[in-house]
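Trainee: Attaching a predicted model along with its sequence, questions to come.
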Amino acid sequence: MRAAVLKAGATALTVATTLLSGLYVTAHLKNPAAPLQPTVLRSGAGTAIPGGAVTLGPSVQPSDVQPVTSTYAS
């Protein structure tokens, strides 16, 4: 009998927590009209940036370094 009460209590707590979490999330939605990603500046677009220039380039550069074949460290 005691095990059944514990199982019922755990189930009720889980269901209540799930419902309350769902209500919290739906009450705190972000602005649906907001853009998903910020606009990207193009280097040839002629956009003037006050206070300086913006140079965009790839962040990963190729190199001639040998690849790592082992990560073993003693």
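Mentor: Arrived safely, thanks for sending. Residues are numbered from 1 along each chain as shown.
Trainee: Pull the number of nearby residues for Thr11.
Mentor: In terms of burial, Thr11 registers 10 neighbours under the definition other Cβ atoms under 10 Å. Any C-beta I mention is one placed from the backbone N, CA and C, and that applies to glycine too.
Trainee: Give me the average confidence score over the one helix or strand it maps to.
Mentor: For Thr11, the element it lies in under DSSP states H and E is helix 2-27. On average, the pLDDT along helix 2-27 is 95.
Trainee: Show me what it is packed up against.
Mentor: In this structure, helix 2-27 packs against no helix or strand, with contacts taken as 3 or more Cβ pairs under 8 Å, 6 or more residues apart in numbering; DSSP states H and E.
Trainee: Which residues belonging to it are considered buried?
Mentor: Taking 16 or more other Cβ atoms under 10 Å as the neighbour-count basis, helix 2-27 is seen to contain no buried residue.
Trainee: got it, and stretch 66-74?
Mentor: Using 16+ other Cβ under 10 Å as the burial criterion, none of the residues of stretch 66-74 qualify.
Trainee: With just CA atoms, put that stretch into CSV.
Mentor: Once side chains and other backbone atoms are set aside, the C-alpha atoms of stretch 66-74 remain, and they are given as CSV (Å, rounded to 0.1, in the frame of the first residue of the first chain):
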residue,chain,number,x,y,z
GLN,A,66,50.6,18.3,-39.5
PRO,A,67,47.2,17.1,-38.2
VAL,A,68,46.9,15.7,-34.7
THR,A,69,46.7,11.9,-34.9
SER,A,70,46.7,11.1,-31.2
THR,A,71,45.5,12.8,-28.1
TYR,A,72,47.2,10.6,-25.6
ALA,A,73,49.0,12.4,-22.8
SER,A,74,50.8,10.9,-19.9
